[in-house]
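Colleague: let's see this in three dimensions:
(one chain, ligands or ions: 2)
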Amino acid sequence: MQHFDAIVIGAGFAGLRALHELRELGLSTQVFEAGSDVGGTWYWNRYPGARTDSESWVYAYSFSKELQDEWSWSERFPPQPEALAYLRHVAERFDMRRDIAFDTKVESAAWDESAQRWTVRDDRGGLWTCRYLVTAVGVLSTPYVPPWPGIEKFKGEWYVTGRWPKERVSFAGKRVVVIGTGATAIQAIPIIAQTARHLMVLQRTPNYVLPARNGPLTDEERDAIRRDYDAIWAQAREHFFGFAMDPAGRTIADVTPEEHQRILERGWETGGFRFIFETFDDIFIDDRSNEVAAEFIRNKIRTIVKDPATAELLCPKDYPLTAKRPPLGHFYYETFNRPNVALVDVKDDPITELTERGVRTATREFEADLIVFATGFDAVTGTLTKMDVRGRGGVTIADKWRDGPRTHLGIMVDGFPNLFMVLGPQSPFANIPVVIDGMVDWIGRAIQHLRANRLTTLEPKPEAVEAWRKHVDRLVNATVLSKGRSWFLGDNIPGKPHVTLFHFGGAGVYRRECLAEAENGFASFFTS
Ligand code: FAD
Ligand code: NAP
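Modeller: Ligands and ions are numbered 1, 2, ... in the order given. Alright, predicted model coming up:
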């Protein structure tokens, strides 16, 4: 049984960042990755249209000036192959592959009380031990397809977006059914519509889709980004959602209704999440402000989509803007003006089964040659609880979190010594590279603290965990986010506890909360 100082599970954005940090500390580190390559999200999500919703210049690492200087993004929102190429480049540039075992899934990890270390088992029969176990398994890495019966009967092709094949999938001449209208489907639908004979979109809940306004970056823009990287990152670290944007500096009450429309129009034309972050600062917290922005979007939908009935179906009406994560669209609403595209509401006529010929709802059957399941993920906790992770006394993390996740800082769990989670539940909801950077930096500090003080274990006190739960609850309840049904509240999976899976207090605030813990000598933790 081989021993490492640290084992990292996952070789996506977080796992690579963690490997870099642990190596810098001089720790022997082994990464296990279920996929055949690095990339995580960008390895698995190869569906048509997949690209980032974060602007490329902040969807990157900030730990290496040389890396920043040598990498060039082609577009404002890079497509999946480019995001994957970036992570491959990072793995090669920093010679990371020699420490990564691919096609190797960790099945279990158990805390060995007598040896004060973790025993890790993989699906190839490997058994390993380590002092520090770092999970970097992703918040959106376990796809979810509702357990409709009958898939084995379906005679056509079918694909799950989060496990899209590497081979090209052709839609040409086919009758395609897409199930779902979340951020994934919203990217795929306009591309599929270009070649499918007919595309039927089965929608349960409409989304507030913001225009991305993607485009190529010019050499001048790229040079300016390189010159400004320090300022860009300083801004992103402070921004509530980790973007290089400034707050709008105004609320809806500060200006006249005519000004509302002008400001929102500018945000709409600028594109991306700037529609939210650079218009009014109270969209997240004030119902009235939120409704002004929401109605603006509904009116845009009514203007773009020619068929009034389809337009109304596409208008979200019963939850506030941002209570579901707003997707960025690339001519999404325009796609419903195509003669080969139809939208069907399955809210009151739910999907019941898959048949030989297609998809059946309570009252109808939709024939298909190809079905795309864009039905989301068992987000944040799903991947962790599906692994057999056992802390002190053999307690599994799935049992520990039966009524909802319990962590301190979204990084550590009481009863699970030296288990460090990058993007664990109750960590910030924000542009993820910024969050990962802060969390991995904290993990590095924690391990340094142990080693400098000749300590073996670190584990949060239960009262700190309970205080963190109350804190994240308070944060989400102060926003409009709690007024919808979303995967970030566990609502997309029947039976999953309805609790916030994220810290909605801002990326900068969170970073300072973490730093305060470190500067306080890790007083909220037991050490031994
Ligand atoms: P992942 O990239 O999910 O990587 C986790 C890795 O762990 C996977 O490779 C998985 O195979 C591996 N793994 C899991 N369990 C095991 C196991 N038991 N054993 C071995 N390996 C295991 N976020 C943004 O901030 N901006 C965006 O624009 C953005 N776009 C996105 C687009 C899509 C389509 C999706 C699905 C998500 C997007 N996200 C975005 C969120 C995205 O998941 C993160 O930005 C980021 O890629 C997460 O990196 P990660 O390393 O934490 O997780
Ligand atoms: P999602 O937002 O959870 O969307 C899943 C869709 O499937 C929803 O429309 C949902 O409807 C529908 N659905 C689920 N169960 C259903 C059922 N039983 N019957 C009918 N419809 C059903 O998942 P996603 O689109 O994969 O996106 C998840 C997250 O991944 C995003 O919010 C985002 O954070 C990330 N993502 C990011 C990007 C990007 O940044 N570029 C791209 C893709 C994904 P309901 O809404 O009614 O539940």
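Colleague: list the buried ones in the helix or strand containing A14?
Modeller: A14 belongs to helix 13-24 when assigned by DSSP states H and E. Neighbour-count burial for helix 13-24 flags 13-23 (criterion: 16 or more other Cβ atoms under 10 Å). Quick note: C-beta positions are derived from backbone N, CA and C, even for glycine.
Colleague: out of these, which comes closest to ligand 2?
Modeller: Distances from ligand 2 to these, taken as Cβ to the nearest ligand atom, are shortest for F13 (12.5 Å).
Colleague: thinking again about what came up before, in a markdown table, list the buried residues of helix 13-24 along with distance to ligand 1 and pLDDT.
Modeller: Formatted as a markdown table, the buried residues of helix 13-24 follow (distance: Cβ to the nearest ligand atom, whole Å; pLDDT from 0 to 100):
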| residue | distance to ligand 1 | pLDDT |
| --- | --- | --- |
| F13 | 4 | 98 |
| A14 | 3 | 98 |
| G15 | 5 | 98 |
| L16 | 7 | 98 |
| R17 | 8 | 98 |
| A18 | 9 | 98 |
| L19 | 11 | 98 |
| H20 | 13 | 98 |
| E21 | 13 | 98 |
| L22 | 15 | 98 |
| R23 | 17 | 98 |
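Colleague: quick one: residues contacting the residue of the stretch 251-400 of the chain found nearest ligand 2.
Modeller: The stretch 251-400 of the chain approaches ligand 2 most closely through G376 (2.7 Å), counting by Cβ to the nearest ligand atom. Contacts for G376 (Cβ atoms under 8 Å, 6 or more residues apart in numbering) come out as 143-144, 180, 182, 184, 487, 492.
Colleague: what about those residues, which one has the most neighbours?
Modeller: Counting neighbours by other Cβ atoms under 10 Å, T184 comes out on top of those with 26 neighbours.
Colleague: so what touches the helix or strand harbouring it?
Modeller: Take DSSP H and E as the rule and T184 turns out to sit in helix 183-195. Applying Cβ under 8 Å, 6+ apart, the contact partners of helix 183-195 are 45, 47-51, 53, 161-162, 170-173, 176, 178-179, 181, 199, 201, 207, 209, 325, 327-332, 334-335, 338, 340-341, 372, 374, 376.
Colleague: pull the distance from that helix to the chain's centre.
Modeller: On the basis of Cα atoms, centre = their mean, to the nearest Å, helix 183-195 sits 19 Å off its chain's mean C-alpha point.
Colleague: follow-up on the earlier one: and the buried ones among the contacts of helix 183-195, selectable in ChimeraX?
Modeller: To isolate the buried ones among those in ChimeraX, judged by 16+ other Cβ under 10 Å, type:
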select :45,47,48,49,50,51,53,161,162,171,176,178,179,181,199,201,207,209,325,327,328,329,330,332,335,341,372,374,376
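Colleague: on that earlier part again, and ligand 1, which of the contacts of G376 reach it?
Modeller: T184 (Cβ under 6 Å from any ligand atom).
Colleague: which one of the contacts of G376 is nearest D287?
Modeller: W487 (22.4 Å; Cβ to Cβ).
Colleague: so that closest one sits against G382, correct?
Modeller: No: contact criterion Cβ atoms under 8 Å: W487 and G382 do not qualify, at 9.8 Å.
Colleague: got any residues that touch both of the two?
Modeller: Counting by Cβ under 8 Å, 6+ apart, the residues touching both W487 and G382 are I493.
Colleague: helices of the stretch 301-450 of the chain, start to end?
Modeller: 308-314, 332-335, 382-386, 397-400, 432-452 (DSSP state H, counting those that start in this stretch).
Colleague: for the residue nearest to L481 when sequence neighbours are not counted, what are its contacts?
Modeller: Distances taken as Cβ to Cβ, 6 or more residues apart in numbering put A323 closest to L481, at 5.5 Å, once the chain neighbours are dropped. Residues in contact with A323 (Cβ under 8 Å, 6+ apart) are 480-486.
Colleague: what helix or strand is E107 located in?
Modeller: Going by DSSP H and E, E107 is part of strand 106-112.
Colleague: pLDDT score assigned to S482?
Modeller: We have a pLDDT of 86 for S482.
Colleague: quick one: D403 and K496 touch, right?
Modeller: No: D403 is beyond contact range of K496, at 10.7 Å (criterion: Cβ under 8 Å).
Colleague: tell me which of these two has more neighbours.
Modeller: Neighbour count, other Cβ under 10 Å: between D403 and K496, K496 has more, with 19 against 8.
Colleague: quick one on the thing from earlier: now the contacts of G376 as a markdown table including distance to M439 and secondary structure?
Modeller: Formatted as a markdown table, those follow (distance: Cβ to Cβ, whole Å; DSSP: H, G, I helix; E, B strand; the rest coil):
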| residue | distance to M439 | secondary structure |
| --- | --- | --- |
| P143 | 24 | strand |
| Y144 | 24 | coil |
| G180 | 29 | coil |
| G182 | 25 | coil |
| T184 | 25 | helix |
| W487 | 20 | helix |
| N492 | 24 | coil |
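Colleague: name the nearest residue to A91, sequence neighbours excluded.
Modeller: Closest to A91 by Cβ to Cβ, 6+ apart is V38, at 4.6 Å.
Colleague: what pLDDT does the one you found get?
Modeller: 98.
Colleague: ok, it - contacts?
Modeller: With Cβ under 8 Å, 6+ apart, V38 has these contacts: 11-12, 15-16, 87-88, 90-91, 96-97, 100.
Colleague: between those, which is nearest A60?
Modeller: Set against A60, the nearest of the contacts of V38 by Cβ to Cβ is V90 (9.0 Å).
Colleague: tally of neighbours for R97?
Modeller: 15.
Colleague: identify the residues contacting it.
Modeller: R97 neighbours (Cβ under 8 Å, 6+ apart): 38, 91.
Colleague: need the phi and psi values for it.
Modeller: phi -60, psi -30 (degrees, to the nearest 10).
Colleague: pLDDT score assigned to the residue of the stretch 1-150 of the chain found nearest ligand 2?
Modeller: Taking Cβ to the nearest ligand atom, ligand 2 has its nearest neighbour within the stretch 1-150 of the chain at D53, 3.1 Å off. Looking at D53, its pLDDT reads 98.
Colleague: quick one: what helix or strand has the residue of the stretch 101-250 of the chain found nearest ligand 1 in it?
Modeller: Distances between the stretch 101-250 of the chain and ligand 1 by Cβ to the nearest ligand atom are smallest at G138, namely 2.3 Å. G138 is part of no helix or strand when elements are defined by DSSP H and E.
Colleague: excluding sequence neighbours, find me the nearest residue to whichever residue of the chain sits closest to ligand 2.
Modeller: Proximity of the chain to ligand 2 (Cβ to the nearest ligand atom) peaks at G182, 2.2 Å away. Nearest residue to G182, sequence neighbours excluded (Cβ to Cβ, 6+ apart): G376, at 5.7 Å.
Colleague: now do the contacts for the residue of the stretch 101-250 of the chain closest to ligand 1.
Modeller: 10, 12, 14, 40-41, 383, 423.
Colleague: please redo it, this time with the cut-off set to 10 Å
Modeller: Counting by Cβ atoms under 10 Å, 6 or more residues apart in numbering, G138 makes contact with 9-10, 12-15, 40-41, 44, 377, 379-380, 382-384, 422-423, 432.
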